[in-house]
Each structure stands twice: as structure tokens, then as C-alpha cells.
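*Asks:* Take a look and give me a structure for this.
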Amino acid sequence: MVKASAIGQRHERVMAILPILKRTYPKAACTLDHKTPLQLLVATILSAQCTDVRVNLVTPGLFRKYKTAADYAEAPAAELERDIQSTGFYHNKAKSIQTMAASLVSKHGGRVPDTMEELTSLAGVGRKTANVVLGNAFGKNVGVVVDTHVARLSQRLGLSSHAAAEKIERDLMEIVPQDQWTLWSHLLIHHGRAVCTARQPLCEKCPIFDHCPMGEKILAERRRGQKAKAP
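*Replies:* Have a look, this model is predicted:
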């Protein structure tokens, strides 16, 4: 009963927060530029430990050069590495892209599959990447994308007490309506970038402050810090 009650309270919080975030970020969507599932899959792999802005600077030229999975799979590794170098960790990323692309060619006729099981069986593709592709390229709400923003806000909003992305995702899937799973991640990501930042959240300007269990605590700690620094 306690667990059910706690889940119910978190669900109510989500339902109060959701319309506010929708009004605040009416254009919330995937910020990785893409036109096809393959492009989104490659862009998502590149976005690991890299900003979407940087990835979007690299992908226009990349997508003009590599149009199919076979193009990526058959490219000289050193050449692909040079093409994606500015996204960081380019050795590992190039390897992931090429092994993923080779799997697409050999197992799926070069096409990106649209199921969680098939996507996560590809080299270099974890559940988070699969969720991005399924939700944004295929319109399928199979899971919830948990990046650093979603993880941070889920904890601050009292929606999950876990640190592991997989456990946070399970908590969110229990309390967020399934048809909103993809959008929910976009909304939290936008809010995490604009207001609820990691180091200095703008609690005074937060539209969902009244629904945030951590808001008053964050402001109180900030006031104590400012008082301690005062001459």
C-alpha cells in the first residue's frame, strides 16, 4: 500500500507538471537534426559526451557523404574518424558506427529496425539510443530517454531516488502516461538546459517551482551560502 500510494503521489505530480512544461516549451522536440532513422541513429551515437549543437555542425556534411548503412560500414576507418573528430572520442564512435552499420547491412538489409530488441542487439546501441530512435524516428513510445538532464530533474522533482538510468526509466514509466514518454524527455531536457541547470538552477524563475520538493531546499542553501560570503 505504501508503495502504491507513493507511486500515486508521483503520478499526480507528473500530471500537474506536464501541462505547465508543455505551455512553457511548446516546441520541445529532438534537437538532433535528422531526416531518416539512420541519420538519427548516427547522430545519437555521436552525441555521447558531446553537445547536440556540435553534432549538428558535423552531421550535414557527414550525411551528404554517407547516405546508407553500407557507406558507413565500408568507409576507411581513418577517414570516418576524421569526419567526426570534432565530436570527441572519435575512435570509439567511428568503431561503433561502423559495427552498427555492418549489422544493419547483414541482418536488416541496411534498414534501421523499429523494435527495442532489434535495435539494442546492434553494436554500440544501448537502450537510451534505442529509445531516442524509436520515439523520434518511428513515433513509438517504448521507453523513456534518460540523459543527464532527465536524471537530474527526476531526482529533484522527487520522481525517482535512483542514480542508474535504467532504474530511473522504470520509475518514470510507472508514473508518466505512455503516450507522453518521448515528449516527457524532451520537456525535461529543455527545462534542464534553460532553468533547472546542474550548478545554479534558476528556482526563482521556475514555472514548476510549486511542484518541486527540492526548490525551497535549494534556495535555502543558496541563501546560507550568500550569507556566509557576506562581509
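
*Asks:* got the buried residues for the top helix by length along the chain?
*Replies:* Determined from DSSP state H, the single longest helix within the chain is helix 2-24. Within helix 2-24, the residues that qualify as buried are 10, 13, 14, 17, 18, 20, 21, 24, counting by 16 or more other CB atoms under 10 Å. The C-beta positions use only the backbone N, C-alpha and C, and glycine is treated the same way.

*Asks:* go on, stretch 39-54?
*Replies:* Buried residues in stretch 39-54, counted by 16+ other CB under 10 Å: 39, 40, 41, 42, 43, 44, 45, 46, 47, 48, 50, 52.

*Asks:* And the nearest residue to residue 108 once chain neighbours are set aside, how far from residue 104?
*Replies:* Spatially, and ignoring its direct neighbours in sequence, residue 108 is nearest to residue 118 (7.2 Å; CB to CB, 6 or more residues apart in numbering). Distance from residue 118 to residue 104, counting by CB to CB, to the nearest Å: 10 Å.

*Asks:* mind checking how far the longest helix of the chain is from the chain centre?
*Replies:* 20 Å (CA atoms, centre = their mean, to the nearest Å).

*Asks:* going forward, begin numbering at 58 instead of 1
*Replies:* All right, first residue 58 from here; so that's helix 59-81.

*Asks:* who's in contact with that helix?
*Replies:* With CB atoms under 8 Å, 6 or more residues apart in numbering as the test, helix 59-81 has contacts from 85, 214-216, 228, 231-233, 237, 240-241, 244-245, 247-248, 264-265, 268.

*Asks:* Now the buried members of those.
*Replies:* Buried residues within the contacts of helix 59-81, counting neighbours by 16+ other CB under 10 Å: 85, 214, 216, 228, 232-233, 237, 240-241, 244-245, 247-248, 265, 268.

*Asks:* In helices, which of the residues you listed appear?
*Replies:* Assigned to helices by DSSP H, the following of those qualify: 228, 232, 240, 241, 244, 245, 247, 248.

*Asks:* Test my guess that the last one contacts residue 209.
*Replies:* When you say that, I think you mean residue 248. No. If you go by CB atoms under 8 Å, residue 248 and residue 209 don't touch, sitting 10.2 Å apart.

*Asks:* Which positions in stretch 121-129 come out as buried?
*Replies:* If you call a residue buried by 16+ other CB under 10 Å, then stretch 121-129 has these buried ones: 123, 126, 129.

*Asks:* Show residues contacting the helix or strand of the chain with the lowest mean pLDDT.
*Replies:* Lowest on mean pLDDT, DSSP states H and E among the helices and strands of the chain sits helix 272-286, with a mean of 80. Applying CB under 8 Å, 6+ apart, the external contacts of helix 272-286 come out as 213, 258, 260, 261, 263, 266.

*Asks:* returning to what we had before: just checking, what packs against whichever helix or strand comes after the longest helix of the chain?
*Replies:* Elements were assigned by DSSP states H and E; along the chain past helix 59-81, the next helix or strand is helix 94-103. Applying 3 or more CB pairs under 8 Å, 6 or more residues apart in numbering; DSSP states H and E, we find helix 94-103 packed against helix 109-122, helix 147-165, helix 184-194.
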